[in-house]
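Participant: Model the following, please.
(chains A and B)
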Amino acid sequence: MSERERVGERGTLPVRIWRGGADGAFERFDVPRRASQTVLDVVVHVQRHVDPSLAYRYACRVGMCGSCAMTVNGKARWTCRTHVDAVVTDGALEIAPLSHLPIVRDLVVDMAPFFDKWAAAKGQFAPTATRRDPFAKVPPASPKRRAIDATIECIGCGVCYASCDVVGWKPDYLGPAALNRAWTLVNDVRDGAGVERLRAVATDGGCQCCHTQQSCTRSCPKHLSPTGSIAGLKRLVAQAALKGTL
Amino acid sequence: MRYAAWRFVLQRGSAAVLALCVIVHLATMIYAVRHDLTAAAIVARMHASVVWPAFYTLFVVAVAIHAPLGLRAIVDEWLGLRGPLVDAVLACAALVLLAGGLYAIASLSA
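Facilitator: All right, here's what the predicted structure looks like:
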């Protein structure tokens, strides 16, 4: 099948892609339009057929790994699960790296600050049992387990973090993903770092910085509500401060 | 960390008080306008009551807590200004609001 036959009557799509580091600029490419084409398909086409030096990151291509998140026409999205038809504006596409994270090159950002904040929010599970203890029994219908169900599916793609205005304004703010993780562990009855974790999320860049604008909730590709998790943390932090246990 | 948590508690607590105070204040203003109350009549009622000075004292205290804390977040996030000097300036702003408000209440009710 020739390239023209594959492209059919759809023609080409003008795409502006960020090149270089923080001081880089957009470069235009013309990419053949195809049916059911995703934004990741566009980026892959450019790298494989036009400019092999284009740097970007992806792995699973099916919305499981969360590594292909980029800024598409101004909004952070998973490029693998975003169809061009759904986001194309005035017949064009603009693809940039995620906001609020240092650009390594082109469409690749350094995720280290993002995950450093998970660690700062005590995002690690702190077990209270040993391997000799019996398995913990957590009733699936218990309120705490249900609260975890609403948060546990986060895969750390960084879309919420890049969409959060407060992260942009206040660089030491822990951000929605790290706080969502903290709230998940706060509700884990097997975890033993409750007070420590509350202290970690009650710092100057902690949960109380959230303005409840809900950009994270609106943008989350997994349809989670980090805003709800942060509200839960705020409630617990306030209660602990009033009780003097913080 | 405790300061940050307490700032949050104070800001939300004062916001709850202010929500109530603003509603009462607006209702009072509407009442005064609809009943053609003069400034002298309003001052006379302030003199005759302990409830109104107490209410506006609560209002002023809530404002003195809430406004500087909100301003702190704004100068932090929008101007990148933070630290002990900023906190000292905002504490002064809180005292100015408190002193000005209490002075006004005392002048009207004494």
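Participant: Near chain B, which residues of chain A are found?
Facilitator: Within chain A, the positions adjacent to chain B are A:166, A:169-170, A:199, A:202-204, A:206, A:208-209, A:234, A:237-238, A:240-242, A:246 by CB under 8 Å from any CB of the partner chain. Using the backbone N, CA and C atoms, a C-beta is placed for each residue, glycine as well.
Participant: Pull the number of nearby residues for A:Ala69.
Facilitator: 29 (other CB atoms under 10 Å in any protein chain shown).
Participant: surely it meets A:Pro97?
Facilitator: No: checked against CB atoms under 8 Å, the pair A:Ala69 and A:Pro97 is beyond contact range at 9.3 Å.
Participant: need the contact list for A:Thr38.
Facilitator: With contact set as CB atoms under 8 Å, 6 or more residues apart in numbering or on different chains, A:Thr38 has these partners: A:79-84.
Participant: ranking the residues you listed by neighbours, who comes first?
Facilitator: With neighbours defined as other CB under 10 Å, the most crowded of these is A:Thr79; it has 26 neighbours.
Participant: That one and A:Cys68 touch, don't they?
Facilitator: Yes: judged on CB under 8 Å, A:Thr79 makes contact with A:Cys68 at a distance of 4.7 Å.
Participant: overlap in contacts of those two?
Facilitator: Listed as contacting both A:Thr79 and A:Cys68 by CB under 8 Å, 6+ apart are A:40, A:58.
Participant: which residues of chain B fall in helices?
Facilitator: Listed in chain order, the helices found in chain B under DSSP state H are B:2-34, B:39-48, B:51-79, B:84-109.
Participant: what residue ranges in the chain are flagged as low confidence?
Facilitator: Looking at chain A here, since you left the chain open. A:1-9 (pLDDT under 70).
Participant: The intended chain is chain B.
Facilitator: B:1.
Participant: Can you pull the domain assignment for chain A?
Facilitator: For chain A, automatic domain parsing gives the domain ranges A:3-109, A:112-243.
Participant: Distance to B:Leu18 added to these, as CSV?
Facilitator: Conversion of the domains of chain A to CSV gives the following (distance: least, CB to CB, whole Å):
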stretch, distance to B:Leu18
domain A:3-109, 32
domain A:112-243, 17
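Participant: Could you identify which of those domains is most buried?
Facilitator: Highest mean neighbour count among the domains of chain A (mean count of other CB atoms under 10 Å in any protein chain shown): domain A:112-243, with a mean of 18.
Participant: Return the distance of that one from the chain's centre.
Facilitator: Distance of domain A:112-243 from its chain centroid, counting by CA atoms, centre = their mean, to the nearest Å, is 14 Å.
Participant: A:Asp116 and B:Leu102, how far apart?
Facilitator: From A:Asp116 across to B:Leu102, the span is 46 Å (CB to CB, to the nearest Å).
Participant: cool, A:Cys68 as well?
Facilitator: On the measure of CB to CB, A:Cys68 and B:Leu102 end up 59 Å apart.
Participant: Find the nearest non-adjacent residue to the residue most central in space within chain B, please.
Facilitator: Taking CA atoms, centre = their mean, the centroid of chain B lies closest to B:Val63, which sits 2.3 Å from it. Closest residue to B:Val63 apart from its sequence neighbours, by CB to CB, 6 or more residues apart in numbering or on different chains: B:Leu97 at 5.8 Å.
Participant: Run a quick check on the one you found versus B:Ala62, I expect a contact.
Facilitator: No: if you go by CB under 8 Å, B:Leu97 and B:Ala62 don't touch, sitting 10.2 Å apart.
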